[in-house]
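**Student:** Sharing a model that was predicted from the sequence below.
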Amino acid sequence: MRINEFVSTLPSNIISGDRVIIPDDFIRRMFILSSLNKSDVFYHLGIGNNPSSLLIAKKEFMVRKAVGIDIDPVILDEISTRTRGIEDIFLVEGDATKYPIAEATVIFSWFTDEKINEILIKKFESELGNGSKILSIWSPPGLYLPDKIDFPILLCQKPLKTGNDIRDQLKSIYKSDCIDFTASWNLADKYIKSFGTVDSSYVRFLIILHSLIIWFNARDLGITCEDDIPPPVKSYVEIMKYFFNIDLGEFLFK
């Protein structure tokens, strides 16, 4: 099947990311990177099905206040059963792009929609005080340059630094202004394994698929190190077709 047919077979929540559950240990890694402590006010923008971020922030890192914002009242109703009655934990039904965030000192934001991030970037610039920290996964919003990295976790601190283009951001995160297939494989491997939620029998399949997607996306952005499609990419495209019935051949000719 072609890749769009494969994607269509996946649950809608997997595609949208609405119900992605971030493991507790991953959340702790984020908070350790940000040096979260009792003087902080933590905001999770678009909390989804992740009440653990608020619970860990309050119970283990003793923040002054933990706030989860989401536009979906059903999700908030579901997670309220775990947070109800805990002092200084608040759930807010609303649009994260419109809700005031000035009191936040540490924010976790993992939106992939560029339009949402464009609005949030303006809010970060206008509302957050100096020293405020923004946590993200895989890449920061816009062209922000991270101050601290525990890949795939990235932390940007205000005053926020911005690159001129994606190569500046790439170099800041990955220490190179281009991506070859080896880098694509290593990034996919580290990203998938960092969550620790994938059954071991599926890990190699996901790393192959993800590394190909990373390389093809990098090529389309003009930031691959190779001028031509490298042999490993062609080989793995064939492996995906003949062993997993997923046809990525169309990407070879773009």
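**Tutor:** That came through fine.

**Student:** buried ones in the strand or helix carrying residue 232?
**Tutor:** Assigned by DSSP states H and E, residue 232 falls within helix 231-244. Residues 232, 233, 236, 237, 240 are the ones in helix 231-244 that count as buried (16 or more other CB atoms under 10 Å). Using the backbone N, CA and C atoms, a C-beta is placed for each residue, glycine as well.

**Student:** Rebuild the residues you listed as CSV, extending it with pLDDT.
**Tutor:** Putting the buried residues of helix 231-244 into CSV (pLDDT from 0 to 100) gives the following:
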residue, pLDDT
232, 95
233, 96
236, 96
237, 95
240, 92
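
**Student:** and which of the residues you listed is nearest residue 49?
**Tutor:** residue 240 (29.9 Å; CB to CB).

**Student:** residue ranges with poor pLDDT in this structure?
**Tutor:** Of all residues in the chain, those with pLDDT under 70 make up the ranges 1-19, 254.

**Student:** if you set the cut-off to 80 instead, what comes out?
**Tutor:** The chain contains residues with pLDDT under 80 at 1-20, 197, 254.

**Student:** Please give the centre-to-centre distance between the helix ranked longest in it and its chain.
**Tutor:** Assignment by DSSP state H gives helix 200-221 as the longest helix of the chain. Offset of helix 200-221 from its chain centre (CA atoms, centre = their mean, to the nearest Å): 16 Å.

**Student:** other SSEs contacting that helix?
**Tutor:** Applying 3 or more CB pairs under 8 Å, 6 or more residues apart in numbering; DSSP states H and E, one finds that helix 200-221 contacts helix 181-195, helix 231-244.

**Student:** Of all the residues in the first one, which ones are buried?
**Tutor:** Along helix 181-195, these residues count as buried under the neighbour rule (16+ other CB under 10 Å): 181, 183, 184, 185, 186, 187, 188, 189, 191, 192, 194.

**Student:** likewise stretch 108-128?
**Tutor:** 108, 109, 110, 111, 116, 117, 119, 120, 121, 123, 124, 128.

**Student:** follow-up on the earlier one: want to throw the buried residues of helix 231-244 into a markdown table with distance to residue 51?
**Tutor:** Output for the buried residues of helix 231-244, formatted as a markdown table (distance: CB to CB, whole Å):
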| residue | distance to residue 51 |
| --- | --- |
| 232 | 41 |
| 233 | 40 |
| 236 | 38 |
| 237 | 40 |
| 240 | 36 |
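
**Student:** Show me what the residue nearest the centre of the chain bridges to in the sheet.
**Tutor:** When CA atoms, centre = their mean is applied to the chain, the residue found nearest the centroid is residue 137 (3.0 Å). Beta-bridge partners for residue 137, by DSSP bridges, are residue 153.

**Student:** wouldn't it be in contact with residue 109 here?
**Tutor:** No: assessed by CB atoms under 8 Å, residue 137 is found out of contact with residue 109, at 9.4 Å.

**Student:** in the longest helix of the chain, what's buried?
**Tutor:** 206, 207, 208, 209, 210, 211, 212, 214, 215, 216, 218, 219.

**Student:** how about the nearest residue to the first one, chain neighbours excluded?
**Tutor:** Excluding its sequence neighbours, the residue lying closest to residue 206 (CB to CB, 6 or more residues apart in numbering) is residue 192, at 5.3 Å.

**Student:** Where do the helices of the protein begin and end?
**Tutor:** For the chain, the helices defined by DSSP H occupy 3-8, 12-16, 24-33, 52-59, 73-83, 114-127, 166-174, 181-195, 200-221, 231-244.
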